[in-house]
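*Asks:* structure for this input, please:
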Amino acid sequence: MCGICGIASREGAPDAERLAAMSAALVHRGPDSGGEHFDGPVALGARRLSIIDLAGGDQPIENEDGSCVVVQNGEIYNYPELRRELEREGHRFRTNCDTEVHLHLYEQHGPAYARRLRGMFAVAVWDSQRRRLVLARDRYGIKPLYYRDSGGRLEFASELRALPRGEIDVDALEAFLTFNSIPAPYSIFRDTRKLPAGHVLVWEERGGLSVERYARPGPVAAEEMRDGDEAELVEELRARLRDSVRAHLLSDVPVGVLLSGGVDSAVLAALAAQETTEAVHTFTIGFAEKSFDERADARRVAERYGTNHHELLVHPDPLVLVPALADVFDEPFADSSALPTYLVSQLAAQDVKVALSGEGGDELFGGYYTYAADLLADRVAPLARLARPLVERLPSSSAKASFDYKAKRFVRAAHLPPLERHHGWKEIFSPDLRAELTGGGASFDPVDVYRARYAQTEGADPLARLQDVDFGIYLVDDLLVKTDRASMAHSLEARVPFLDSVVTNFAFTLPAKHKVRGLSKKVLLRKAAEPLLPREVVHGRKRGFSIPAAAWLRGELEPFARVTLSSDTLRRQGFFRPEPVGRLLDEHVAGAQDWSRQLWGLLAFTLWHERHVEQEPPALRSARMEALLA
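*Replies:* Next comes the predicted model:
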């Protein structure tokens, strides 16, 4: 796991000091070593977190004759098989590191070589003979890659903090207010873009830059769905998950598991424990608020498999934790579960360099309440419309996913078309509230990003199409961003075994009945987990790594929120009108409405702007970095 950066210029040789500054901004992603490569119009930089081939895997890495050079952020799990194949073709390897396989596979297949890779990666290959630079991002978008193309100069990096800042992209801001994150290809800065998942960018010295898709995981056509014996499907799923976990344990350093207590991370912990000879390290975060605390379920799994279990009970200190998150995230990001992910990563980094995480299980196997609502809506929409006036009068609770919160969301969107109501159940700021907040109407509709993805799966199962929207947008631009930044802030590599073609290709063929039945979710996955886990975990209520944000904003966080979102600050920054912000905060504190997700978003943007725009982006230093420096 590393951080990568680089410059490609048609206007003279890249500046060495500029590359050094870019690399220094990413040192938290790779504190073990750093390297640079300069060749005519191209300069490449890498920061390394040593996981595989500890002695010989420093980057950049060259091929046999030095004509191709690579830097990579990520891990390639099928590199032993690819290496054997390439050696039979006559390629000679200098290292035992997975990064080197990019070079020889590129020589064999050209820029489209990435489709052969099983793993997570953002990679840059400089081909000095053809005078072209190839950037590629894994098919699931697990690893990030930003780029800025300004005339004859291209700069790229693993994080936005290593690139020049610029004007705020008002469309990206509109998307942030809608989703609490910013979907690819947008970034918060107008001149910088994210390379989308499953895409390759090719820059050529003699002119031209192209971005093309090489892979698009997604649902099969409805007639191609599998409808075999359920018992056989259960066995196959368990075998595929075991295969993926075994591959994701490939490492020359110990691997742990971020254990939330839910079925996704619990099944990873169970399989990891069965596939290793030594006790697996497991890590769990807990809260005093019982509806958010999963320590008991996590402990059941740890005890069953004799893991080396670590727990942390979180007490919110807003003056420390919330600004720390603003430092970590290089563009506005407001998924409040980033806070426990950040803390559990900090806990894990004390003992391991690599940890497995359960992202992707919900999107693939039907884990969200919204999927059950999607299937119910058409039948109960008329009743929901009649019940709405009564439901809207329910008092706001601070409990997680409370009845009043879900009921209000359901009745407000049940009558809409499938995609619009699916979004409506998750929407942060509505169009009217966004207009009130910013003082004007935007011409850009962020939901068009969802509509474009949805249109690509016409002919697939209706529920699978909605899952695919979450899989390609929410998972990539929210959950995976959260996991990557929160873990790498502590120099910890997070791996996601659910996002492996062995698992995803199977999940995409499952009919809705194997995912959601009535209010039961993850039907097939839970059946596959039954022999592995305690019943309380398999059939327990979903919590996930969440925080009691609603309660905190009515308690410990209220004074901090009022200071951070003061009229003076909002007017100075110039993006949000103070009056509606103050009203949202007052209504939330009074219990009239649950505006916790909206207020968390406003806090996230305001603090991000202070730390990344109004001043130089902060340098991140992990405990592992401090130990190396000492």
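
*Asks:* make it CA atoms for all contacts and neighbour counts henceforth
*Replies:* OK.

*Asks:* buried residues in stretch 371-378, which are they?
*Replies:* 371-375, 377 (16 or more other Cα atoms under 10 Å).

*Asks:* mind listing the helices for the stretch 301-450 of the chain?
*Replies:* Counting by DSSP state H, counting those that start in this stretch, one finds helices in the stretch 301-450 of the chain at the ranges 318-328, 338-349, 361-365, 369-391, 403-413, 418-424, 431-438, 447-455.

*Asks:* would a markdown table of the ones you listed with mean pLDDT and distance to L524 be doable?
*Replies:* Formatted as a markdown table, these follow (pLDDT from 0 to 100; distance: least, Cα to Cα, whole Å):
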| stretch | mean pLDDT | distance to L524 |
| --- | --- | --- |
| helix 318-328 | 87 | 36 |
| helix 338-349 | 94 | 27 |
| helix 361-365 | 98 | 8 |
| helix 369-391 | 72 | 15 |
| helix 403-413 | 64 | 25 |
| helix 418-424 | 91 | 23 |
| helix 431-438 | 95 | 37 |
| helix 447-455 | 97 | 24 |
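
*Asks:* which one of those helices lies closest to V101?
*Replies:* helix 338-349 (27.8 Å; Cα to Cα).

*Asks:* packing partners of that closest one?
*Replies:* Under the contact definition 3 or more Cα pairs under 8 Å, 6 or more residues apart in numbering; DSSP states H and E, helix 338-349 sits against strand 255-258, strand 281-287, strand 308-314, helix 318-328, helix 480-488.

*Asks:* how far does the shortest one sit from its chain's centre?
*Replies:* Shown here is strand 255-258, whose average C-alpha point lies 17 Å from the average C-alpha point of the whole chain (Cα atoms, centre = their mean, to the nearest Å).

*Asks:* summarise which helices and strands the helix or strand that comes right after it is packed against.
*Replies:* The first helix or strand that comes after strand 255-258 along the chain, using DSSP states H and E, is helix 263-275. Secondary structure elements in contact with helix 263-275, counted by 3+ Cα pairs under 8 Å, 6+ apart, are helix 230-248, strand 255-258, helix 295-305, helix 523-529, helix 535-538.

*Asks:* closest to L584 out of the ones you listed?
*Replies:* Closest approach to L584 among the helices and strands packed on helix 263-275 (Cα to Cα): helix 295-305, 32.7 Å.

*Asks:* neighbouring contacts of the closest one?
*Replies:* The contact list for helix 295-305, computed with Cα atoms under 8 Å, 6 or more residues apart in numbering, reads 259-262, 266, 269-270, 273, 282, 284-286, 308-309, 311, 533-534, 536-537.

*Asks:* look up how far W552 lies from D468.
*Replies:* From D468 over to W552 the distance is 33 Å, taken as Cα to Cα, to the nearest Å.

*Asks:* between those two, tell me which one has more neighbours.
*Replies:* Using other Cα atoms under 10 Å as the criterion, D468 and W552 rank with D468 on top: 23 against 16.

*Asks:* so Q59 touches G35, yeah?
*Replies:* Yes - Q59 is within contact range of G35, at 5.7 Å (criterion: Cα atoms under 8 Å).

*Asks:* pull up the overlap in contacts between those two.
*Replies:* 46-47.

*Asks:* which one's more surrounded, the two?
*Replies:* Neighbour tally, Q59 and G35, criterion other Cα under 10 Å: the higher count belongs to Q59, 25 against 17.

*Asks:* the more buried one: what secondary structure?
*Replies:* Using DSSP: H, G, I helix; E, B strand; the rest coil, the structure places Q59 in coil.

*Asks:* so who does it touch?
*Replies:* 34-36, 46-48, 70-72.

*Asks:* do the same with S128
*Replies:* 39, 67-68.

*Asks:* please produce a ChimeraX select command covering the buried subset of those.
*Replies:* Burial among those is assessed by 16+ other Cα under 10 Å; the matching ChimeraX selection reads:
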select :68
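
*Asks:* low-confidence bits of the stretch 51-200 of the chain, can you list those?
*Replies:* With pLDDT under 70 as the threshold, the stretch 51-200 of the chain has no low-confidence stretch at all.

*Asks:* where do the strands sit along it?
*Replies:* Ranges of strands in the stretch 51-200 of the chain, per DSSP state E, counting those that start in this stretch, are 61-62, 68-76, 119-127, 132-137, 146-150, 153-157, 192-194, 199-204.

*Asks:* tell me which of these sits nearest to L585.
*Replies:* Per Cα to Cα, nearest to L585 of the strands of the stretch 51-200 of the chain: strand 192-194, 32.7 Å.

*Asks:* run the chain-centre distance for that closest one.
*Replies:* 16 Å.

*Asks:* do stretch 183-193 as well
*Replies:* For stretch 183-193, the distance to the chain centre is 16 Å (Cα atoms, centre = their mean).

*Asks:* name the SS class of G34, please.
*Replies:* strand.

*Asks:* same list (the helices of the stretch 301-450 of the chain) but as JSON lines, adding distance to A24.
*Replies:* As requested, the helices of the stretch 301-450 of the chain are exported to JSON lines (distance: least, Cα to Cα, whole Å):
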{"stretch": "helix 318-328", "distance to A24": "15"}
{"stretch": "helix 338-349", "distance to A24": "21"}
{"stretch": "helix 361-365", "distance to A24": "35"}
{"stretch": "helix 369-391", "distance to A24": "42"}
{"stretch": "helix 403-413", "distance to A24": "44"}
{"stretch": "helix 418-424", "distance to A24": "39"}
{"stretch": "helix 431-438", "distance to A24": "36"}
{"stretch": "helix 447-455", "distance to A24": "34"}
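
*Asks:* what about the residue nearest to V267 when sequence neighbours are not counted, distance to K522?
*Replies:* Nearest residue to V267, sequence neighbours excluded (Cα to Cα, 6 or more residues apart in numbering): A529, at 6.3 Å. Taking Cα to Cα as the measure, A529 falls 10 Å from K522.

*Asks:* swap in R485?
*Replies:* 28 Å.

*Asks:* if we can go back for a sec, quick one: buried ones out of the contacts of Q59?
*Replies:* Neighbour counting with 16+ other Cα under 10 Å marks 34-36, 46-48, 70-72 as buried within the contacts of Q59.

*Asks:* and which of those is nearest to V581?
*Replies:* R47 (40.8 Å).

*Asks:* correct me if wrong: that closest one contacts G35.
*Replies:* Yes - between R47 and G35 there is a contact at 6.8 Å, judged by Cα under 8 Å.

*Asks:* just the helices in the stretch 451-600 of the chain please.
*Replies:* 462-469, 480-488, 501-507, 523-529, 535-538, 549-553, 558-564, 567-573, 578-590, 596-612.

*Asks:* state the distance from R242 to K194.
*Replies:* Applying Cα to Cα, the value for R242 to K194 is 32 Å.

*Asks:* what's the answer for W600, then?
*Replies:* Relative to K194, W600 is positioned 24 Å away (Cα to Cα).

*Asks:* run a quick neighbour tally on D65.
*Replies:* Counted with other Cα under 10 Å, residues neighbouring D65 total 6.

*Asks:* list the contacts of the most centrally placed residue in the chain.
*Replies:* In the chain, the residue lying closest to the centroid (Cα atoms, centre = their mean) is L480, at 0.8 Å. Contact analysis of L480 by Cα under 8 Å, 6+ apart lists 141-143, 359.

*Asks:* and the furthest pair within those residues?
*Replies:* Top of the distance list for those (Cα to Cα): K143 and E359, 13.1 Å.

*Asks:* follow-up on the earlier one: what would the contacts of S128 look like in CSV with distance to P332?
*Replies:* CSV is the format used below for these (distance: Cα to Cα, whole Å):
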residue, distance to P332
D39, 35
S67, 39
C68, 36
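
*Asks:* relative to T341, which of the contacts of S128 is nearest.
*Replies:* Nearest member of the contacts of S128 to T341, counting by Cα to Cα, is C68, at 37.4 Å.

*Asks:* beta partners of the closest one?
*Replies:* Beta-bridge partners for C68, by DSSP bridges, are D127.

*Asks:* that one and D127 touch, don't they?
*Replies:* Yes - the pair C68 / D127 is scored as a contact, 4.7 Å apart, by Cα under 8 Å.

*Asks:* how far away is V320 from S9?
*Replies:* Counting by Cα to Cα, the gap from V320 to S9 is 41 Å.
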